[in-house]
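> have a look; sequence and predicted model below, questions after that.
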Amino acid sequence: MEPGLIRLRGLLMGRAHVGKGVNVALGPMMNMGRIAQGGRNWVGFGGDPFLAGEAAYETILGLQQAGVQACAKCYVGNEQEHKRTTISSFIDDRTQHEIYAHPFMRSVMTGVASFMCSYNLTNQTFACENDKTQNDILKREFGFRGYRMSDWSAMKSTFGSVKGGSDMTMPGDIDFGDGLSYFGGNLTTYVKNGTSPESRVDDMATRILASWFLLRQDSPSYPAANFDVFHIDDDAMNERVDIQEDHYKLVREMGTKGIVLLKNENSTLPLTNTERTILVAGLGAAPQPDTLTEVEMMAIQTRARKNQSTTVNWTQNFDLNHARTVVARKDVALVFINTDLGEGYITIDGNEGDRKNLTSWHGGDARVQAVASVNSNTVVTIHSVGPLKLESSIENPDVKAVVWAGLSGQEAGNSLVDVLYDDYNPTG
């Protein structure tokens, strides 16, 4: 773990947000990934509360150094996507403090501007109405002085949310686009009839404005919003401000340093630069719209050409007989396997929010075995949203190397090439 890189990542993301006129960056996420198949585990920093806390700490410092408000999420116990709006996470007090709430405590220590309460219930009370977690732990124990917003349409009532410590409902309506709100007129009525004290509304407004002033977003120099993500073709709103700078350099560096070498028999990696033919097999490397990145294949081809190597790209993932024919007599076979994900309201390839299992998608495991059966110099590269069962690759004597490449973004190809060709020595 390199705290400096993580903080720099936060800073560059923060600059990008400010350049687009964004007031609040909806992150970082720091849930624990208790459910290995969890659909949004990839958004966070992993299952170690200490490391997640330090990564959140550095990210928030970077974001807010740039001038955008950070938002620590999803508070708390949001550990799966399937049925996320109806499940309850039962967490005892010690476990809450030592594991699930620890990264959020570190976030408070940065002076984070906002928190986001999650969809789930914690100990049978909705997160956005939970007096114990929001008022007692977060506000009293941790000393949080910013505001607490709901996840999108996660608020369930007016009185419960106000009493339970929520300060802002997002995106404002009860259900998307219905024009109704638990706050607004309902909150006004509750104050007028004495159900909710006016002092609590003052507290909400104070917390929201305090974060705005903290980040100096009241300054005339703070950019106005200059894009509309829902209407990207609207030239009147979308000024198309270029905020890329040279961020790709950090993306590549972090992608490279995040790669883990899980197996490397007979010093198969790094490649020798003398390979005459290289097979690249698997959906993760194929130049198709639904794959990880088109540029990954391009990066491998570009580097191979420098060495006078020929690359063969095989993308017919389920035609294993053809795979055995194509891979024969290649100097090395690079096989890519991957997994994808959903969210609570998104189903991908039959997976509702969370993955159904811990095997690779698109026939990846069978593809590895088919290729390795005719090529004893097989290298497996994994792009996955979370843990996978890899015994079949690790224990196969013809799979000489296994590379965990994570989700390394737009520079995934270059990051991987840096490791394959010994420009960087990976961990593991």
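Yes, it's here. What you see is a predicted model, and the numbers here were worked out from it, not measured in a lab.

> all strands in the stretch 101-250 of the chain, in order from the N-terminus.
With strands called from DSSP state E, counting those that start in this stretch, the stretch 101-250 of the chain shows them at 114-117, 121-122, 125-126, 147-150.

> from the chain's centroid, how far away is the third one?
Think strand 125-126. Taking C-alpha atoms, centre = their mean, to the nearest Å, the mean C-alpha location of strand 125-126 is offset from the chain mean by 25 Å.

> show me how the protein divides into domains.
The record's domain split for the chain, according to automatic domain parsing, is 3-214, 247-420.

> which residues does Ile346 contact?
Under the criterion of C-beta atoms under 8 Å, 6 or more residues apart in numbering, the contact list for Ile346 reads 39, 353. No exception for glycine: its C-beta is placed from N, CA and C like everyone else's.

> in the sheet, who's paired with it?
Note on Ile346: beta-bridge partners Glu343, judged by DSSP bridges.

> distance of it relative to Gly39?
8 Å (C-beta to C-beta, to the nearest Å).

> over to Phe336?
Between Phe336 and Gly39 the distance, using C-beta to C-beta, works out to 21 Å.

> those two: who's more crowded?
When neighbours are counted by other C-beta atoms under 10 Å, Phe336 and Gly39 differ, and Phe336 comes out ahead with 29 against 26.

> look up how far Thr256 lies from the more buried one.
With distances defined as C-beta to C-beta, the gap from Phe336 to Thr256 amounts to 17 Å.

> deepest-packed of the strands of the stretch 101-250 of the chain, please.
Using mean count of other C-beta atoms under 10 Å, the stretch among the strands of the stretch 101-250 of the chain with the greatest mean number of neighbours is strand 114-117 (a mean of 27).

> can you give me the helices for the stretch 1-150 of the chain?
Remark: helices assigned in the stretch 1-150 of the chain by DSSP state H, counting those that start in this stretch are 3-19, 49-66, 93-95, 102-109.

> per-residue pLDDT of Pro220, please?
We have a pLDDT of 97 for Pro220.

> neighbours around it, how many?
Look at Pro220: counted by other C-beta under 10 Å, it has 4 neighbours.

> give me the three-state assignment for the residue nearest to Thr268 when sequence neighbours are not counted.
The shortest distance from Thr268 to any residue that is not its chain neighbour, by C-beta to C-beta, 6 or more residues apart in numbering, is 3.8 Å, and that residue is Lys400. Secondary structure of Lys400, reduced to three states by DSSP: H, G, I helix; E, B strand; the rest coil: strand.

> where in the stretch 51-200 of the chain is pLDDT low?
For the stretch 51-200 of the chain, no stretch has pLDDT under 70.

> one step back: JSON lines for the helices of the stretch 1-150 of the chain, including mean neighbour count?
Shown next, in JSON lines, are those (neighbours: other C-beta atoms under 10 Å):
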{"stretch": "helix 3-19", "mean neighbour count": "19"}
{"stretch": "helix 49-66", "mean neighbour count": "22"}
{"stretch": "helix 93-95", "mean neighbour count": "10"}
{"stretch": "helix 102-109", "mean neighbour count": "23"}
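
> now those in TSV, with distance to Trp212?
Converted to TSV, the helices of the stretch 1-150 of the chain look like this (distance: least, C-beta to C-beta, whole Å):
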stretch	distance to Trp212
helix 3-19	14
helix 49-66	12
helix 93-95	34
helix 102-109	18
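
> of the ones you listed, which approaches Gly413 most closely?
Distances from Gly413 to each of these were compared using C-beta to C-beta; the minimum, 19.3 Å, belongs to helix 3-19.

> and that closest one with helix 49-66, angle?
40 degrees (axes from the mean of the first three to the mean of the last three C-alpha atoms, to 10 degrees).

> what's helix 3-19 packed up against?
Using 3 or more C-beta pairs under 8 Å, 6 or more residues apart in numbering; DSSP states H and E as the contact criterion, the neighbours of helix 3-19 among helices and strands are strand 24-25, helix 49-66, helix 247-257.

> wait, which of these is closest to Arg140?
Proximity of the helices and strands packed on helix 3-19 to Arg140 was assessed by C-beta to C-beta; the nearest stretch is helix 49-66, lying at 19.6 Å.

> need the residues touching each of Ile346 and Gly39.
Residues touching both Ile346 and Gly39 (C-beta under 8 Å, 6+ apart): Gly353.

> what ranges do the helices span in the stretch 251-400 of the chain?
The residue ranges that make up the helices of the stretch 251-400 of the chain, judged by DSSP H, counting those that start in this stretch, are 294-306, 320-327, 364-372, 391-394.

> quick one: closest of those helices to Leu51.
Each of the helices of the stretch 251-400 of the chain was checked against Leu51 via C-beta to C-beta, and the shortest separation belongs to helix 391-394, namely 23.9 Å.

> please name every helix or strand in contact with that closest one.
Counting by 3+ C-beta pairs under 8 Å, 6+ apart, the packing neighbours recorded for helix 391-394 are strand 260-264, helix 364-372, strand 399-404.

> now do the buried residues in that helix.
Residues 392-393 are the ones in helix 391-394 that count as buried (16 or more other C-beta atoms under 10 Å).

> next, give phi and psi for the residue lying farthest from the centre of the chain.
Taking C-alpha atoms, centre = their mean as the measure, the residue most remote from the mean C-alpha position of the chain is Asn193, 43.5 Å away. Dihedral angles of Asn193 (phi, psi; degrees, to the nearest 10) stand at phi -90, psi 10.

> check contacts around it.
Counting by C-beta under 8 Å, 6+ apart, there are no residues that Asn193 touches.

> same deal with Ser393?
The contact partners of Ser393, taken as C-beta under 8 Å, 6+ apart, are 263, 365, 368, 380, 399, 402.

> if you set the cut-off to 7 Å instead, what comes out?
Listed by C-beta atoms under 7 Å, 6 or more residues apart in numbering, the contact set of Ser393 reads 368, 380, 399, 402.

> ok, back up a step: so which of the helices of the stretch 1-150 of the chain gets nearest Val295?
For these, proximity to Val295 was assessed by C-beta to C-beta; helix 3-19 is nearest, at 19.8 Å.

> could you export the closest one as PDB, CA atoms only?
Once side chains and other backbone atoms are set aside, the C-alpha atoms of helix 3-19 remain, and they are given as PDB (Å, rounded to 0.1, in the frame of the first residue of the first chain):
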ATOM      1  CA  PRO A   3      -0.600   6.100   0.900                       C
ATOM      2  CA  GLY A   4       1.000   8.900  -1.300                       C
ATOM      3  CA  LEU A   5      -0.400   7.300  -4.500                       C
ATOM      4  CA  ILE A   6      -3.800   6.900  -3.000                       C
ATOM      5  CA  ARG A   7      -3.900  10.500  -1.800                       C
ATOM      6  CA  LEU A   8      -2.700  11.700  -5.300                       C
ATOM      7  CA  ARG A   9      -5.400   9.600  -6.900                       C
ATOM      8  CA  GLY A  10      -7.900  11.400  -4.600                       C
ATOM      9  CA  LEU A  11      -6.400  14.800  -5.500                       C
ATOM     10  CA  LEU A  12      -6.600  14.200  -9.300                       C
ATOM     11  CA  MET A  13     -10.200  12.900  -9.000                       C
ATOM     12  CA  GLY A  14     -11.000  16.000  -6.900                       C
ATOM     13  CA  ARG A  15      -9.600  18.300  -9.500                       C
ATOM     14  CA  ALA A  16     -11.700  16.600 -12.200                       C
ATOM     15  CA  HIS A  17     -14.800  17.100 -10.100                       C
ATOM     16  CA  VAL A  18     -14.100  20.700  -9.400                       C
ATOM     17  CA  GLY A  19     -13.300  21.300 -13.100                       C
END
